[in-house]
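Trainee: give me a model of this one.
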Amino acid sequence: MKTAPTWLHVLLVLFWTLLGLSLRFANLTDKPLWTDEFSTIAFSLGNGFSDIPLDQVITTENLLQPLRPTPGNGVKDVISHLFRESNHPPLYFVLSHFWLSLFPTNSDGIISTWGIRSLAALIGTITIPVTFCLSWLAFRSRVVAQTATALMAVSPFGIYLAQEARHYTLPILVILLSLCCLVIAARKLRDRVILPIWLCLSWIVINGLGIATHYFFAFTLGAEAIVILCLGLVQSWREGGIWYPSVHWRRMWIVAAGTAAAGLIWWPILQNLQEGELTRWIYQGDRSGWAWLDPVGQALAGWITMLYLLPIQTDPQWLEALFGVALVLLMLWTVPKLYRGLQVQYLQREPRLGVLVLSVFVVGAIVLFFSITYFFEADLTSAFRYNFVFFPGAVVLLGAGLASSWDVAVRIAQSPAVSVPPALLNLLRVSNRKTVVVIWLLSLLGALTVLANLGYQKTHRPDVVAATIRDQTEYPALVAIPHRTHGQTGRMMGIALELQQQPPPNPVLFLLAHQTQNPDSVITPLEQALSQLSRPLDLWLLNFQEIPEEPLDKVLKAQACTAVSKSRAVDGYRYRLYRCRKLASTKQPPTKSGVGAELLQESFDR
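Mentor: Numbers count the residues shown, from 1 in each chain. Okay, here's the model as predicted:
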């Protein structure tokens, strides 16, 4: 591949890109939408969740209203709702706003799943050829660039993020561009060359776009700062002087100042973000014993999926365990090969800088992650998706390590200090290239595992809950959930959308019982809702496990509601069916406007 003509490399990059495109768009609508994706839809349309009624019975129409385009909504509405109801910067949602205008709604007026997910999939595809650019800039080797590009095309982690209607593939693209600037700057600084002004301005703009896409881009900037600091310290040590006043370093400080200014723009907004409940899930309490090692195990599991993934979310459980052990063994077999490959790259002058820059970048980001996890009790390792911060750098390092195996025989033959028989050279070439091919095929198997929904299943599974409701509900039903943020609204939306697509024989209504600091606060709206609805009634309680049992049981008993199923659990939900008989009184309680029989009839009409 070293002597291959340029046009062949262009065709190879095109092939990897088309392969990655096919994988990212394959089965794009097969998995159900989940809470975070509903947030993307609503905010991208310039809608919010605050208009959905709480503490009262609502229909599917009411619940899914934010998923329908609102005439007249524009970018101003997108930004306004985001800053008021969420904790994310607006760039991706603004792009998604314009993207969704290209797609028609379905028969119910709701944005299509393909439309909302296709933007992330398309941006994820663009990262493939950009990976080639970063790899070549870092190692000046087309072998490394092709290998890294091939890995990015099939990475299970990359495909998982690309098939989510979320804003993770866009920062990955921006990180790739920022790393390109970092590598160019590192080479200039090494060679004592002043950074060109176009590089400084481009880098500042790219970093500003990264912060406007995801606030965790700050970890990328922190890791890049660690790289620059290390370069400066090494240079200072070698020259026996202070490095920062040097002429060729001055424009580096301009980049730092410009990036800081781009970040400080968001500081007033960060002060007013809707934190608390929206991010409570990531904070861990006091750890003890083996729990201190949980973040390490979670981090290792997430890192593995950048290269490999097997069907670890399949039945039966013993098969899951078997695939889990196989993944660990696979990595133990692979890591020494990657390490030796990077060692070989480090021995050469041009690749050495790429190894140093990207290794320090990846390690620096990981150190920042663990620092936040252990010192601030915010477990960033519990969500694998946050590894997007250093994912591009890790993929290029993987490509560099494997590329050493690909052309090992060529390097041995060119070494004047080594005399090897031609037959042995051919054997080395074949065996090492077979290893690279096997590793790539196993990575492709991981991509297919994601597409088959046997790994990286959605964080919540509303499809499973909806199927149970559809199969076991015998009467008109009420589905109730304690509400704290729009996260619970999204959980309910997932169920409602699944039931709308495949309606059950009886109508289903919904209740978002708002929960304050007092867990009992959901009891009153539940009691009021039950007293307003006709009997017999099937009641599904979702995620009521934190509600005190005594007052809940008292209300259910008073409303003649008896459990008819055991409590079940699936990702994002714990649910149980109760059946409510007619009350002892001969006269049914009066219904308020908009609830009760009118709502049930409205649901039947739809």
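
Trainee: and the average pLDDT for stretch 358-369 is what?
Mentor: In this model, stretch 358-369 has a mean pLDDT of 96.

Trainee: list the buried ones in that stretch?
Mentor: 358-362, 364-366, 368-369 (16 or more other Cβ atoms under 10 Å). All C-beta atoms are positioned from the backbone trio N, CA, C, and that covers glycine.

Trainee: those residues into JSON lines, with extra columns for distance to P53 and secondary structure?
Mentor: Formatted as JSON lines, the buried residues of stretch 358-369 follow (distance: Cβ to Cβ, whole Å; DSSP: H, G, I helix; E, B strand; the rest coil):
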{"residue": "L358", "distance to P53": "51", "secondary structure": "helix"}
{"residue": "S359", "distance to P53": "53", "secondary structure": "helix"}
{"residue": "V360", "distance to P53": "52", "secondary structure": "helix"}
{"residue": "F361", "distance to P53": "48", "secondary structure": "helix"}
{"residue": "V362", "distance to P53": "47", "secondary structure": "helix"}
{"residue": "G364", "distance to P53": "47", "secondary structure": "helix"}
{"residue": "A365", "distance to P53": "43", "secondary structure": "helix"}
{"residue": "I366", "distance to P53": "45", "secondary structure": "helix"}
{"residue": "L368", "distance to P53": "42", "secondary structure": "helix"}
{"residue": "F369", "distance to P53": "40", "secondary structure": "helix"}
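
Trainee: of all those, which comes closest to T220?
Mentor: Among those, A365 lies closest to T220 (Cβ to Cβ), at 6.9 Å.

Trainee: tell me which residues touch the closest one, please.
Mentor: Neighbouring residues of A365 by Cβ atoms under 8 Å, 6 or more residues apart in numbering: 219-220, 222-223, 389-390, 393.

Trainee: ok, it to E224 distance?
Mentor: For A365, the distance to E224 (Cβ to Cβ, to the nearest Å) stands at 9 Å.

Trainee: what are the ranges of the helices in the stretch 301-450 of the chain?
Mentor: With DSSP state H, counting those that start in this stretch, the ranges of helices along the stretch 301-450 of the chain come out as 317-346, 349-375, 391-406, 408-414, 422-451.

Trainee: averaged pLDDT, stretch 315-325. What do you get?
Mentor: For stretch 315-325, mean pLDDT is 89.

Trainee: now do that stretch: everything it contacts.
Mentor: Applying Cβ under 8 Å, 6+ apart, the external contacts of stretch 315-325 come out as 310-314.

Trainee: kindly recompute the last result at 10 Å.
Mentor: Residues outside stretch 315-325 that contact it (Cβ atoms under 10 Å, 6 or more residues apart in numbering) are 301, 309-314, 449, 454-455.

Trainee: what sits against A260?
Mentor: Going by Cβ under 10 Å, 6+ apart, A260 touches 204, 207, 221.

Trainee: next, the buried residues of the helix or strand where it lies.
Mentor: Here A260, judged by DSSP states H and E, is contained in helix 250-264. Across helix 250-264, burial judged by 16+ other Cβ under 10 Å covers 251-252, 255-256, 258-259, 262-263.

Trainee: I'd like these laid out as JSON lines, including distance to H88.
Mentor: Formatted as JSON lines, the buried residues of helix 250-264 follow (distance: Cβ to Cβ, whole Å):
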{"residue": "R251", "distance to H88": "32"}
{"residue": "M252", "distance to H88": "30"}
{"residue": "V255", "distance to H88": "25"}
{"residue": "A256", "distance to H88": "25"}
{"residue": "G258", "distance to H88": "23"}
{"residue": "T259", "distance to H88": "20"}
{"residue": "A262", "distance to H88": "17"}
{"residue": "G263", "distance to H88": "15"}
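
Trainee: quick one: which of these is nearest H97?
Mentor: Checking these against H97 with Cβ to Cβ, the nearest one is A262 at 22.1 Å.

Trainee: look up how far L176 lies from the closest residue to that closest one other than its chain neighbours.
Mentor: Closest residue in space to A262, ignoring its immediate chain neighbours: G208 at 3.4 Å, by Cβ to Cβ, 6 or more residues apart in numbering. From G208 across to L176, the span is 16 Å (Cβ to Cβ).

Trainee: higher neighbour count, these two?
Mentor: Ranked by neighbour count (other Cβ atoms under 10 Å), G208 and L176 place L176 first, with 25 against 20.

Trainee: put the alpha carbons of stretch 333-343 into CSV.
Mentor: In CSV, the C-alpha atoms belonging to stretch 333-343 read as follows (Å, rounded to 0.1, in the frame of the first residue of the first chain):
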residue,chain,number,x,y,z
TRP,A,333,-5.0,-10.7,22.8
THR,A,334,-5.2,-7.4,20.9
VAL,A,335,-3.7,-4.9,23.4
PRO,A,336,-0.1,-6.3,23.2
LYS,A,337,-0.2,-6.1,19.4
LEU,A,338,-1.4,-2.5,19.5
TYR,A,339,1.3,-1.6,22.1
ARG,A,340,4.1,-3.2,20.1
GLY,A,341,2.8,-1.5,16.9
LEU,A,342,2.9,1.9,18.6
GLN,A,343,6.4,1.2,19.9
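
Trainee: now that stretch: how far from the chain's centre is it?
Mentor: 28 Å (Cα atoms, centre = their mean, to the nearest Å).

Trainee: what ranges does the stretch 51-200 of the chain have for its strands?
Mentor: 57-58 (DSSP state E, counting those that start in this stretch).

Trainee: give me the residue at the spatial middle of this protein.
Mentor: Central residue of the chain (Cα atoms, centre = their mean): R385, 3.6 Å from the mean position.

Trainee: from W114, how far off is that one?
Mentor: According to Cβ to Cβ, R385 and W114 sit 21 Å apart.

Trainee: tell me how many other residues crowd the nearest residue to R581 once chain neighbours are set aside.
Mentor: Spatial nearest neighbour of R581, excluding adjacent residues (Cβ to Cβ, 6+ apart): A560 at 4.5 Å. By other Cβ under 10 Å, the residues close to A560 number 17.

Trainee: now do T485
Mentor: Neighbour count for T485, taken as other Cβ under 10 Å: 19.

Trainee: that one reaches S50, doesn't it?
Mentor: No: between T485 and S50 there is no contact under Cβ atoms under 10 Å: 11.0 Å.

Trainee: which neighbours do those two share?
Mentor: Shared contacts of T485 and S50 (Cβ under 10 Å, 6+ apart): E85.

Trainee: sorry, back to before: out of the contacts of stretch 315-325, which are buried?
Mentor: Neighbour-count burial (16+ other Cβ under 10 Å) applied to the contacts of stretch 315-325 gives 309-314, 449, 454-455.

Trainee: need the max-distance pair from those.
Mentor: Farthest apart among the buried ones among the contacts of stretch 315-325 by Cβ to Cβ are L309 and T314. That separation is 11.9 Å.

Trainee: what do the two both touch?
Mentor: Taking Cβ under 10 Å, 6+ apart as the criterion, L309 and T314 both touch 323, 449, 454-455.

Trainee: redo these as TSV? Include distance to A584.
Mentor: Output for these, formatted as TSV (distance: Cβ to Cβ, whole Å):
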residue	distance to A584
F323	55
T449	55
L454	51
G455	52
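
Trainee: of the residues you listed, closest to P268?
Mentor: When the shared contacts of L309 and T314 are compared against P268 (criterion: Cβ to Cβ), the nearest one is G455, at 41.1 Å.
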